[in-house]
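Undergrad: Fold the following and give me the result.
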Amino acid sequence: MEKVKRMKVKDLLKSAPGQEVLAKGWVRTKRGNKNVSFIALNDGSTINSIQIVVDTASFDENVLKKITTGACICVSGILTESLGSGQKVEIQAKEISVYGEADPASYPLQKKGHTLEFLRTIAHLRPRTNTFGAVLRIRHAMAFAIHKYFNDKGFVYLHTPLITGSDCEGAGEMFQVTTLDLNNVPHTPEGNIDYSQDFFGKQTSLTVSGQLEGELGAMALGEIYTFGPTFRAENSNTPRHLAEFWMIEPEMAFYEIEDNMELAEDFIKYLVRYALENCGEDLKFLNDMFDKELISRLESVVNTEFVRLTYTEGIRILEESGEKFEFPVSWGVDLQSEHERYLVEKHFGKPVIMTDYPKEIKAFYMKQNDDGKTVRGMDVLFPKIGEIIGGSERESSLEKLEARINELGMKRDTLEWYLDTRRFGSAPHSGFGLGFERLLLFVTGMANIRDVIPFPRTPKNAEY
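TA: Below you'll find the predicted structure:
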């Protein structure tokens with residue numbers, strides 16, 4: 001007789017009753033009386049569990065005692081139509097074996113509500129909860145959708161280095177990478193650290209962005225994107241910051257600022273639409289449990305034209321709003337999340353793409369406008385989270401780029417390779433960055449960025 005193959009819970013719930021099936025997974029709950037037990041079994045393939053019906057008289061009492069919340073079991077039986085509400089099918093158990101027990105006295109995920117703060121302390125177990133199962137499946141779906149979007153558009157996926165000798169943002173908040181003996185650091189005759197003895201022979205750090213290398217790719221391959229981890233040594237303990245996070249950074253030759261804005265809007269609408277079409281059950285769970293407006297907010301983004309707004313006009317709206325902001329507003333300030341959210345949520349009621357920022361508050365590589373004061377930057381601002389995408393048309397003039405680097409007192413020697421793209425066949429080009437976890441905050445409705453990444457890295461926290 002042919003051996004019955006294991007089916008995932010996701011597939012079992014869609015299968016026709018009457019067949020012999022094999023299921024494996026973790027016990028979410030067990031209830032019942034002395035005659036019959038009901039086990040909710042989940043294997044991570046779906047937010048839903050399948051009900052296992054156990055006629056207790058047919059099973060060894062010692063085996064049944066081991067089936068507690070968190071235990072891992074293998075069940076074979078007959079898939080039958082379910083009489084109870086909540087599911088169409090259930091498994092009438094014929095055989096059960098216990099792969100791994102979970103002591104109820106010490107297993108922390110018992111059947112009760114747990115706070116997200118508590119679950120952060122057991123990040124190694126939280127994927128077993130409904131909430132984090134949903135979040136991590138959505139995270140996977142969004143990663144797949146990102147690759148699909150760019151692949152279908154003919155972009156090339158470029159792997160940019162994680163260890164770098166240059167600081168893309170000019171922010172200086174970088175994690176140093178070294179193999180020097182920190183108890184006996186070598187010094188030069190002048191008393192400086194002698195990096196010539198380090199692994200790479202120079203000072204190196206973890207990257208804050210793959211953009212500069214991405215621009216090199218665009219100047220040869222036309223349209224590229226990066227998607228990888230980035231690192232910021234920013235001592236920031238807010239619900240919106242991580243020290244290690246993932247970034248998607250497309251760079252496109254021959255795109256001017258308008259093309260860049262169109263791509264950013266199309267890209268993010270595609271991702272939200274993909275989530276709505278492919279993550280329905282997980283989104284419904286998060287909508288019902290955490291954020292009653294989640295699905296309607298996602299649908300509103302897909303079905304609306306984003307507002308195009310200059311920074312100068314945005315400042316005027318904020319100044320005339322009569323709102324009392326924590327951070328005062330005037331031309332030249334870097335907008336805070338509260339300002340961005342006012343424009344998106346209260347003033348326009350839809351996402352905003354803001355352009356033409358003061359050059360003093362933006363990165364050195366952004367294309368300068370003819371007014372000498374502003375640059376062709378663009379930020380996409382979303383409800384609930386503020387900035388979700390930041391980008392610009394890049395400065396293609398060697399002279400202007402060199403002048404800006406000198407003005408900011410940046411180290412030229414680490415940027416000569418970057419300047420070569422302006423020396424040899426420079427072209428108009430643009431790009432943007434999307435913080436993957438910021439996207440996930442929006443798509444899942446979670447309030448804290450630590451809850452959309454499996455193992456958050458934050459100041460004083462590098463567990464696992």
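
Undergrad: Who are the packing partners of the helix or strand where Ile353 lies?
TA: Ile353 is part of strand 352-358 when elements are defined by DSSP states H and E. Packed against strand 352-358, as judged by 3 or more Cβ pairs under 8 Å, 6 or more residues apart in numbering; DSSP states H and E, are the following elements: helix 257-278, strand 307-310, helix 311-319, strand 374-382. Backbone N, C-alpha and C define where each C-beta goes, glycine included.

Undergrad: so which of those is the most packed in?
TA: Using mean count of other Cβ atoms under 10 Å, the stretch among these with the greatest mean number of neighbours is strand 374-382 (a mean of 24).

Undergrad: what packs against it?
TA: For strand 374-382, the packing partners by 3+ Cβ pairs under 8 Å, 6+ apart come out as helix 257-278, helix 337-341, strand 352-358, strand 386-393.

Undergrad: Return the list of helices and strands in contact with the longest one.
TA: With contacts defined as 3+ Cβ pairs under 8 Å, 6+ apart, helix 257-278 has these neighbours: helix 130-152, strand 244-253, helix 294-302, strand 352-358, strand 374-382, strand 386-393, strand 429-435, helix 436-444.

Undergrad: what is the rounded mean pLDDT of the fifth one?
TA: If I follow you right, that is strand 374-382. Averaging the model's pLDDT scores along strand 374-382 yields 97.

Undergrad: The fourth one too?
TA: The pLDDT scores in strand 352-358 average 98.

Undergrad: can you state the direction angle for it and strand 386-393?
TA: Strand 352-358 runs at 50 degrees relative to strand 386-393, counting by axes from the mean of the first three to the mean of the last three Cα atoms, to 10 degrees.

Undergrad: contacts for strand 352-358?
TA: In this structure, residues lying in contact with strand 352-358 by Cβ atoms under 8 Å, 6 or more residues apart in numbering are 257, 261, 264-265, 306-312, 314, 331-332, 335, 340, 343-344, 366, 369, 373-381.

Undergrad: Paired strands for it, with orientation please.
TA: strand 307-310 (parallel), strand 374-382 (antiparallel) (DSSP bridges).

Undergrad: With distance to Arg31 added, can I get these in TSV?
TA: Rendered in TSV, the data for those read as follows (distance: least, Cβ to Cβ, whole Å):
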stretch	distance to Arg31
strand 307-310	52
strand 374-382	42
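
Undergrad: And the closest residue to Ser426 other than its chain neighbours, how far from Asp43?
TA: With Cβ to Cβ, 6 or more residues apart in numbering as the measure, Ser396 is the residue that lies nearest to Ser426, at 4.8 Å, once sequence neighbours are left out. Distance of Ser396 to Asp43, computed by Cβ to Cβ, to the nearest Å: 53 Å.

Undergrad: between those two, which one's more packed in?
TA: A direct count of neighbours by other Cβ atoms under 10 Å for Ser396 and Asp43 places Asp43 higher, at 19 against 16.

Undergrad: Quick check, Ser97 in contact with Cys72.
TA: No: contact between Ser97 and Cys72 fails when scored by Cβ atoms under 8 Å: they sit 10.0 Å apart.

Undergrad: the more surrounded of these two?
TA: Under the neighbour definition other Cβ under 10 Å, Ser97 and Cys72 were set side by side, and Cys72 has more, 17 against 12.

Undergrad: looking at it, that one is touching Trp26, isn't it?
TA: Yes: distance between Cys72 and Trp26: 5.3 Å, which falls inside the contact criterion (Cβ under 8 Å).

Undergrad: Report the buried residues of stretch 12-20.
TA: Buried residues in stretch 12-20, counted by 16 or more other Cβ atoms under 10 Å: 12-13.

Undergrad: actually stretch 386-399, sorry about that
TA: Neighbour-count burial for stretch 386-399 flags 386-396 (criterion: 16+ other Cβ under 10 Å).

Undergrad: what's Gly433 in contact with, if anything?
TA: Gly433 sits in contact with 209, 211, 247-249, 389-391, where contact means Cβ under 8 Å, 6+ apart.

Undergrad: hmm, try it at 6 Å
TA: 247, 249, 390 (Cβ atoms under 6 Å, 6 or more residues apart in numbering).

Undergrad: tell me which of those is nearest to Ala102?
TA: Closest to Ala102 out of those is Met247 (37.3 Å), distances taken as Cβ to Cβ.

Undergrad: Burial check on the closest one, number of neighbours?
TA: Residues within reach of Met247, counting by other Cβ under 10 Å, total 21.

Undergrad: Quickly list what the nearest residue to it once chain neighbours are set aside is bridged to.
TA: Ranked by Cβ to Cβ, 6+ apart and with sequence neighbours excluded, the top spatial neighbour of Met247 is Thr230, at 4.7 Å. When bridges are assigned using DSSP bridges, the partners listed for Thr230 are Phe245.

Undergrad: Per-residue pLDDT of Thr230, please?
TA: As summarised for this prediction, Thr230 has a pLDDT of 96.

Undergrad: what number of residues lie near it?
TA: Using other Cβ under 10 Å, Thr230 has 24 other residues around it.

Undergrad: now do the one 4 residues further on
TA: Using other Cβ under 10 Å, Glu234 is surrounded by 15 other residues.

Undergrad: so it is in which element?
TA: For Glu234, there is no helix or strand it lies in under DSSP H and E.

Undergrad: And for Ala40?
TA: With secondary structure defined by DSSP H and E, Ala40 is part of strand 36-42.

Undergrad: Just checking, which helix or strand succeeds that strand along the chain?
TA: Secondary structure here is assigned by DSSP H and E; on that basis, the next helix or strand after strand 36-42 toward the C-terminus is strand 50-55.

Undergrad: In that following strand, which of the residues would be classed as buried?
TA: By neighbour count with 16+ other Cβ under 10 Å, strand 50-55 contains the buried residues 50-54.

Undergrad: Then stretch 355-365?
TA: In stretch 355-365, counting by 16+ other Cβ under 10 Å, buried: 355-359, 362-365.

Undergrad: Average pLDDT for the helix or strand hosting Asp288, rounded please.
TA: For Asp288, the host element (DSSP H and E) is helix 280-289. With pLDDT averaged residue by residue, helix 280-289 scores 97.

Undergrad: Ok, stretch 449-464 next?
TA: For stretch 449-464, the mean per-residue pLDDT is 95.

Undergrad: relative to its centroid, which residue of this structure is most remote?
TA: Distance from the C-alpha centroid of the chain peaks at Ala57, with 48.7 Å (Cα atoms, centre = their mean).

Undergrad: At the geometric centre of this protein, which residue sits there?
TA: Note: the chain centre (Cα atoms, centre = their mean) maps to Glu437, 2.4 Å.

Undergrad: Model confidence score at that one, please.
TA: Predicted confidence (pLDDT) at Glu437: the value is 97.
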